[in-house]
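> here is the input, now give the coordinates:
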Amino acid sequence: MKRILKSILLLLLPALLLAACKSKTDLKDGYYTAQAAQFSHGWKEYVTIIVKGGSIVSVEYNAENPSGFIKSWDNAYMQNMLHSAGTYPNEYTRNYAGQLLDDQNADSIDALSGASTSHGSFQKLAEAVLEQARQGDSDIVVVDTSR
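Here you go, the predicted model:
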């Protein structure tokens, strides 16, 4: 009986490994961007990923104002947010982007204290950009992050 179980396990192991790897390899190589549909507090968030060899190799998460200025470069905003929320855009954007890069999926992104609204937006944008990468559609996808 133990031999039969071992044999079944040995037969199933490669299939399980292949299934685990599939989530990474179903992404098509290219550059993909998801952008918020609306500005929130003067900023429009976006996530851009680069996929190579079926895996995410680069993630950028940030926001820009109507003139194109990047939120994580705004020192005055950083100081205000740091003192009121305990974090700031350059910290939480890198944190969320790093988690997506490490885990290769949007399901396991942990929220950073003080940036929970951005966490919700990031998850929606990350899910949308991953779907674009699965389809191989490099058009910018616009996402309603307000819901």
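> what residue lies at the spatial centre of this structure?
residue 126 (3.7 Å; Cα atoms, centre = their mean).
> what helix or strand is it located in?
Secondary structure from DSSP states H and E places residue 126 in helix 116-135.
> pLDDT on that helix, on average?
Averaging pLDDT along helix 116-135 gives 94.
> what does stretch 79-88 give?
Across stretch 79-88, pLDDT averages out at 89.
> show the pLDDT at residue 10.
Looking at residue 10, the pLDDT reads 53.
> so that it lines up with my notes, have the first residue be 893 from now on.
Sure, I'll start counting at 893 from here, so that last one is residue 902.
> number of nearby residues for the closest residue to residue 1006 other than its chain neighbours?
Nearest residue to residue 1006, sequence neighbours excluded (Cβ to Cβ, 6 or more residues apart in numbering): residue 977, at 3.5 Å. For the C-beta atoms, the positions are set from N, CA and C on the backbone; glycine is no exception. Residues within reach of residue 977, counting by other Cβ atoms under 10 Å, total 16.
> can you give me the helices for the protein?
Under the criterion DSSP state H, the chain carries helices at the ranges 894-917, 967-977, 981-995, 1008-1027.
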